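K.L.:
what follows is a protein structure lacking sequence information:
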């Protein structure tokens, strides 16, 4: 079905409107021409009978008007058939056809002439007639005669109506055929654009790196320009990442030197400098992460396989916490894909799994699902959990509930920041296992 705001719909509607207008105008012209042709056909018959009247008209030696023979058409003998003839002299009827009965033809103000003229007049029973009027002079001493012959307009109209019904039916079939042809042509003509749209979708979802070549010379320049734009975007992104990395190193190295030198200062000054440099370092990490993610969240082609990343992280955590013999379960991650950079996804998943392993007693469970283009990942543990009134606090960077555990308290805050930049979310709650349940929602590919 065509969408109202689509190019296909506009082309089809405009073409359909033009076809309809053209067919209506053409059909009207054909009907008009046939009406004229049908009227001429009837006029030829009436003219022939009028000529018969001229040939048969004469005056007897006694000066009375008479006909050598009557017009041959049998319809002149049927009462009110519409086929009439009459001979007048000084507005007096000298002779008329049997079809007129006792009535006559009233030509009103019509001025007869030696050349026949055709008029549309009303007949004896108020029917429309095509009447041929002609003046005839048989003898110079006698008053001229006025010869009248008519045919009914109902015959002309019936023929035109019958013809019009055939024309309408034929043009309706033609219109439907032309409209179907337009729809087919539009679909075929727009297939290259639909292929480009599909190609861009594949690139955005990471299924392809570039658009495929197109055989049409009119479309290939567009494909080339889009591929050039993808290449240019990739180069800019790589350059920006390198510059961000250089900035991080150039700032963190002096901070490390300052922090080391602070150990030789007085305790109060040492504490102040250490705290401030730590805050600066955290802010650098925070904003560099935001800048890096903001530059990649809408990048075409960013697509990461969830199961592969999680398995890599689980392998690393088992090695890291091998002395605790944790049971880490993975379920329902097949066919789950994240629409974004793998590096960002690794950082989010790594922090969540590391946090679960750090607090778990024996068991960590990782599961996922995809619905309505959204990827949901759950990481649960059987540890002590977090009280409801402390959840908001642990989401802030640098906040730690237990100083005895290793780390800097930035894991969940980093995960939340990156998820927000991808249009996702991080929710913390109580797990059925007894510990913490982290729910990470991200765009799915």
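P.N.:
That came in fine, so what should we check first? All of these numbers come straight from a predicted model, not from anything done at the bench. Residues are numbered from 1 along each chain as shown.
K.L.:
got the domain boundaries for this protein?
P.N.:
9-159, 220-294, 304-443 (automatic domain parsing).
K.L.:
measure the first one end to end?
P.N.:
Start-to-end span of domain 9-159 (C-alpha to C-alpha, to the nearest Å) is 40 Å.
K.L.:
need the next SSE after the helix or strand encompassing residue 416, C-terminal direction.
P.N.:
Using DSSP states H and E, residue 416 maps to helix 411-421. Next in sequence after helix 411-421, counting helices and strands by DSSP H and E, comes strand 425-430.
K.L.:
buried ones in the helix or strand following that following strand?
P.N.:
The C-terminal neighbour of strand 425-430 among helices and strands, as given by DSSP H and E, is strand 436-443. Within strand 436-443, the residues that count as buried by 16 or more other C-beta atoms under 10 Å are 436-438, 440-443. Bear in mind the C-beta positions are built from the backbone N, C-alpha and C, glycine included.
K.L.:
again with stretch 93-102
P.N.:
94-97, 99-100.
K.L.:
and the residues you listed, which is closest to residue 162?
P.N.:
residue 99 (24.0 Å; C-beta to C-beta).
K.L.:
CSV for the buried residues of strand 436-443, including pLDDT and distance to residue 180?
P.N.:
Putting these into CSV (pLDDT from 0 to 100; distance: C-beta to C-beta, whole Å) gives the following:
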residue, pLDDT, distance to residue 180
436, 90, 62
437, 91, 57
438, 92, 56
440, 94, 51
441, 94, 46
442, 92, 45
443, 90, 40
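K.L.:
quick check: which of the domains of the chain is buried the most?
P.N.:
Neighbour counts (mean count of other C-beta atoms under 10 Å) averaged over each of the domains of the chain peak at domain 304-443, with a mean of 17.
K.L.:
run the chain-centre distance for the helix holding residue 416.
P.N.:
In terms of C-alpha atoms, centre = their mean, to the nearest Å, the centre of helix 411-421 is found 38 Å from the chain centre.
K.L.:
now stretch 130-139
P.N.:
The answer for stretch 130-139 is 69 Å, by C-alpha atoms, centre = their mean.
K.L.:
contacts for stretch 257-265?
P.N.:
269-270, 273-274, 277-278 (C-beta atoms under 8 Å, 6 or more residues apart in numbering).
K.L.:
7 Å instead, please
P.N.:
270, 273-274, 277 (C-beta atoms under 7 Å, 6 or more residues apart in numbering).
K.L.:
then stretch 19-33?
P.N.:
Applying C-beta under 7 Å, 6+ apart, the set of residues contacting stretch 19-33 is 160, 163-164, 167-168, 171, 174-175, 178-179.
K.L.:
these in helices, which ones?
P.N.:
Of the contacts of stretch 19-33, the ones assigned to helices by DSSP state H are 160, 163-164, 167-168, 171, 174-175, 178-179.
K.L.:
dihedrals phi and psi, residue 330?
P.N.:
phi -120, psi 130 (degrees, to the nearest 10).
K.L.:
how about the strands in the stretch 101-250 of the chain?
P.N.:
For the stretch 101-250 of the chain, the strands defined by DSSP state E, counting those that start in this stretch occupy 117-122, 128-136, 145-152.
K.L.:
redo those strands as TSV? Include distance to residue 201.
P.N.:
Compiled in TSV, those are given as follows (distance: least, C-beta to C-beta, whole Å):
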stretch	distance to residue 201
strand 117-122	69
strand 128-136	68
strand 145-152	70
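K.L.:
nearest to residue 325, out of those?
P.N.:
That would be, of the strands of the stretch 101-250 of the chain and by C-beta to C-beta, strand 128-136, which comes in at 109.0 Å.
K.L.:
run through who's touching that closest one.
P.N.:
Contacts of strand 128-136 (C-beta under 7 Å, 6+ apart): 39, 42-43, 46-47, 50, 54, 57, 82, 105, 107, 110, 112-114, 116-123, 144-153.
K.L.:
distance of residue 178 relative to residue 188?
P.N.:
15 Å (C-beta to C-beta, to the nearest Å).
K.L.:
residue 142 and residue 59 touch, don't they?
P.N.:
Yes: the pair residue 142 / residue 59 is scored as a contact, 6.5 Å apart, by C-beta atoms under 7 Å.
K.L.:
more crowded one of residue 178 and residue 188?
P.N.:
The neighbour count for residue 178 versus residue 188, taken as other C-beta atoms under 10 Å, is higher for residue 178 (18 against 9).
K.L.:
if we can go back for a sec, in CSV: the strands of the stretch 101-250 of the chain, plus distance to residue 429 and mean pLDDT.
P.N.:
Formatted as CSV, the strands of the stretch 101-250 of the chain follow (distance: least, C-beta to C-beta, whole Å; pLDDT from 0 to 100):
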stretch, distance to residue 429, mean pLDDT
strand 117-122, 92, 88
strand 128-136, 90, 91
strand 145-152, 93, 91
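K.L.:
for residue 306, which of these is the nearest?
P.N.:
Using C-beta to C-beta, the strands of the stretch 101-250 of the chain put strand 128-136 closest to residue 306, at 85.0 Å.
K.L.:
now do the helix holding residue 416: which elements does it pack against?
P.N.:
helix 267-294, helix 342-359, strand 425-430, strand 436-443 (3 or more C-beta pairs under 7 Å, 6 or more residues apart in numbering; DSSP states H and E).
K.L.:
repeat that for 10 Å
P.N.:
In terms of contacts (3 or more C-beta pairs under 10 Å, 6 or more residues apart in numbering; DSSP states H and E), helix 411-421 is packed against helix 267-294, helix 342-359, helix 391-394, strand 425-430, strand 436-443.
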